[in-house]
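Visitor: make a model of this:
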Amino acid sequence: MEQEPYSFRNLDLWHRAQELALAVIKMSASLPKSEAAKSIARQVVSSSGSVAANIAEGHGRYSVAAYRNHPSIARGSIAETDSWLDLLARAGYVAPDIARQLHDECELLLGGLTRQMRALEARLRSQPKALREEEPSYMLEGLPE
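Guide: Below is the predicted model of the structure:
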């Protein structure tokens, strides 16, 4: 069986963040049609979607230092998402059990992102700042060297 190429799509954190964003999108579809609920729904969908996007963006960065910044941004987006979910629950727009499930997922992601940041910090202390190939393992046809 052929191994899947390494990418952000192989990261458990990215998958969990995508699942959270999907759950938030589905939850937001059932919110009341008031202007307040719609406004909060836009915010919580945006912040929850930002988590996986920042995990992917950081993974695509060239240096460990640049990568390290993106899980931090993702953590901020998780905290924002959790805050919006709390407001939705307080307003009575979301059932307490749904709010608790989403809150628990936010907590798990916060812990995972913290562990990832610590691992990247350790790499920064033990390795050079940039990830460089000694010799390119690929060549693009038609491009000057």
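Visitor: now the helices for this protein?
Guide: Remark: helices assigned in the chain by DSSP state H are 12-29, 35-59, 64-90, 96-126.
Visitor: of all the ones you listed, which one comes closest to Pro5?
Guide: With CB to CB as the criterion, Pro5 lies closest to helix 35-59 of the helices of the chain, at 12.8 Å. Just so you know, the C-beta spots here come from the backbone N, C-alpha and C atoms, and that holds for glycine as well.
Visitor: may I see the buried residues of the closest one?
Guide: 37, 40-41, 43-45, 47-59 (16 or more other CB atoms under 10 Å).
Visitor: ok so, going back, the helices of the chain: which one's closest to Tyr6?
Guide: helix 35-59 (9.5 Å).
Visitor: now the closest one: how far from the chain's centre is it?
Guide: 9 Å (CA atoms, centre = their mean, to the nearest Å).
Visitor: give me the angle between that helix and helix 64-90.
Guide: Helix 35-59 and helix 64-90 are oriented at 160 degrees to each other (axes from the mean of the first three to the mean of the last three CA atoms, to 10 degrees).
Visitor: and stretch 12-27, average pLDDT?
Guide: Stretch 12-27 carries an average pLDDT of 96.
Visitor: buried set for that stretch?
Guide: Those would be Leu13, Trp14, Arg16, Ala17, Gln18, Leu20, Ala21, Val24, Met27, for stretch 12-27 by 16+ other CB under 10 Å.
Visitor: contact partners for the first one?
Guide: By CB atoms under 8 Å, 6 or more residues apart in numbering, the residues touching Leu13 are Ile55, Leu109, Gly112, Leu113, Gln116.
Visitor: rewinding a little: can I get the helices of the chain in JSON lines with distance to Tyr6?
Guide: What follows is these, written out as JSON lines (distance: least, CB to CB, whole Å):
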{"stretch": "helix 12-29", "distance to Tyr6": "12"}
{"stretch": "helix 35-59", "distance to Tyr6": "9"}
{"stretch": "helix 64-90", "distance to Tyr6": "14"}
{"stretch": "helix 96-126", "distance to Tyr6": "16"}
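Visitor: any low-confidence regions in this protein?
Guide: For the chain, applying pLDDT under 70 flags the ranges 1-4, 128-145.
Visitor: wouldn't Glu105 be in contact with Leu22 here?
Guide: No. Glu105 lies out of contact with Leu22 (CB atoms under 8 Å); the separation is 10.9 Å.
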